[in-house]
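> pasting a predicted model and its sequence here:
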Amino acid sequence: MSIEIKDIHFSYGKVKALEGVSLDLPQGAVGLLGPNGAGKSTLIRILLGFLSPDKGGGRVLGYNIKDEQPKIRRYVGYMPEDDCFIPGLDAVSFTSYLGELSGMPRQEAMKRAHEVLYYVGLEESRYRNLETYSSGMKQRLKFAQAFVHDPKLIFLDEPTSGLDPNGRSEILELIMDISSKKDIQVLISSHILPDIELTCKYVVILNKGKLAAQGNISELKEIRDLYEMKIKGEVGGFLRKLKAMKCKVEETEEGIFKVYWPPDQDRQEIFRVAAEEKIQLRHFVKSETSLEDLFAEVVGVD
Ligand code: ADP
């Protein structure tokens, strides 16, 4: 396991950002999800070795997160959400400079810069001033600089944000390629859940500083059955009874509801309660649960 942490706590003064987070992540691409303020950036900063936890500990790539941070940073690449460019440079100078900052000798950094720029499809524009780059090219350049020093683990923070569909699919293909062919562990933080679903098999969901769920996406999606129903009538009492049976209900459009049904409850109960409350179920189908449904389920829909 390349990331194993136990019972991590971290506070900024009085603000508790992480409370008892434990992770044991498999190889490959892992999605890191959570609403704003959930603690994702704090967790990434701890895993990168920029912050030290108040309590708890663990290992990243086998190195202790409390006292081996320089080693972790040598083997970790980071693609930030915000632009991180140095004005006036071209892509080769920028990428090789970052390689040198990670400890590579100049010549090796230059050679690797050409290789990674070729890999992300920027070979023809590699000598152009990077301020003239489109947002898709800038994003690919940020991706390239994250692995110029041949890291074993890459953190990608909102890698597709602000991209048009073409730019987005180029980055997604690179993510899938790098995490499948190159034996690199990739941790992706994103608000675009379909991107996570496409690129990752495993997901970690944080909410209010705590771990809300962690596991294989396909297995987590089976936590509850999801039904879609159209109902007519006075729905208040019906919905209250469903909630009392530990099922979560979300109105998506007027009269159309998503119902997350716990597996240990008998599904027939829905029909019994509907009859009891004189509710007409006009449409009742089992839906394919998406990652967005799972997210809404574990983080809360209100
Ligand atoms: P996320 O990346 O999921 O949006 P963060 O890790 O940035 O979450 O934030 C977790 C909590 O810590 C939030 O309540 C946030 O307001 C707080 N926080 C983050 N950074 C700081 C900081 N530098 N000083 C004080 N509070 C912070």
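It's in.
> before we move on, what SS does L51 have?
Here L51 is coil, with the state taken from DSSP: H, G, I helix; E, B strand; the rest coil.
> right, I mislabeled it, should have said E219
Following three-state DSSP, E219 is assigned to helix.
> and it, how far from the ligand?
Relative to the ligand, E219 is positioned 24 Å away (C-beta to the nearest ligand atom, to the nearest Å). All C-beta atoms are positioned from the backbone trio N, CA, C, and that covers glycine.
> how many other residues sit next to that residue?
The tally of other residues near E219 (other C-beta atoms under 10 Å) stands at 10.
> tell me the contacts of it?
Contacts for E219 (C-beta atoms under 8 Å, 6 or more residues apart in numbering) come out as none.
> show the pLDDT at it.
Looking at E219, its pLDDT is 85.
> same thing with V203?
V203 is assigned 96 on the pLDDT scale.
> ok so it is a strand residue?
Yes: checked against three-state DSSP, V203 lies within a strand.
> so who does the residue of the stretch 51-200 of the chain found nearest the ligand touch?
At 7.4 Å from the ligand, S189 is the closest residue in the stretch 51-200 of the chain, using C-beta to the nearest ligand atom. By C-beta under 8 Å, 6+ apart, the contact set of S189 is G31, L32, L33, K40, S41, I44, F155, L156, D157, E158.
> ok, now with 6 Å
Going by C-beta atoms under 6 Å, 6 or more residues apart in numbering, S189 touches L32, K40, D157.
> so what sits opposite it in the bridge?
In this entry, S189 is beta-bridged to L32, D157, by DSSP bridges.
> and it, how far is that from M79?
Using C-beta to C-beta, to the nearest Å, we find S189 at a distance of 10 Å from M79.
> how about C247?
According to C-beta to C-beta, C247 and M79 sit 39 Å apart.
> over to L33?
Noted for L33: a distance of 17 Å to M79, by C-beta to C-beta.
> ok, which stretches of the stretch 1-150 of the chain are helices?
Applying DSSP state H, counting those that start in this stretch to the stretch 1-150 of the chain gives helices spanning 40-48, 69-75, 91-101, 106-119, 135-146.
> return the residues of this protein in contact with the ligand.
Residues of the chain lying close to the ligand (C-beta under 6 Å from any ligand atom) are Y12, V15, A17, G34, N36, G37, A38, G39, K40, S41, T42.
> select only the buried ones of the residues you listed in ChimeraX?
To isolate the buried members of the residues of the chain next to the ligand in ChimeraX, using 16 or more other C-beta atoms under 10 Å:
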select :17,34,38,39,40,41,42
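> most widely separated two among the residues of the chain next to the ligand?
Spatial extent of the residues of the chain next to the ligand (C-beta to C-beta) is set by the pair Y12 and G34 at 16.6 Å.
> residue ranges with poor pLDDT in the stretch 51-200 of the chain?
182 (pLDDT under 70).
> how about a cut-off of 90?
For the stretch 51-200 of the chain, applying pLDDT under 90 flags the ranges 69-74, 80-87, 101-103, 130, 135, 161-163, 179-184, 191.
> what about the nearest residue to I217 once chain neighbours are set aside, how many residues close to it?
Excluding the flanking residues, the one nearest I217 by C-beta to C-beta, 6 or more residues apart in numbering is V203, at 5.2 Å. As a burial measure, V203 scores 24 neighbours (other C-beta under 10 Å).
> roughly how far out does stretch 4-15 sit from the chain middle?
Taking C-alpha atoms, centre = their mean, to the nearest Å, one finds stretch 4-15 lying 19 Å from the centre of the chain it belongs to.
> start at 31 instead
Okay, residue one is now 31; in that scheme the one you just asked about reads as stretch 34-45.
> L241: helix or strand, and which one exactly?
Here L241, judged by DSSP states H and E, is contained in strand 240-246.
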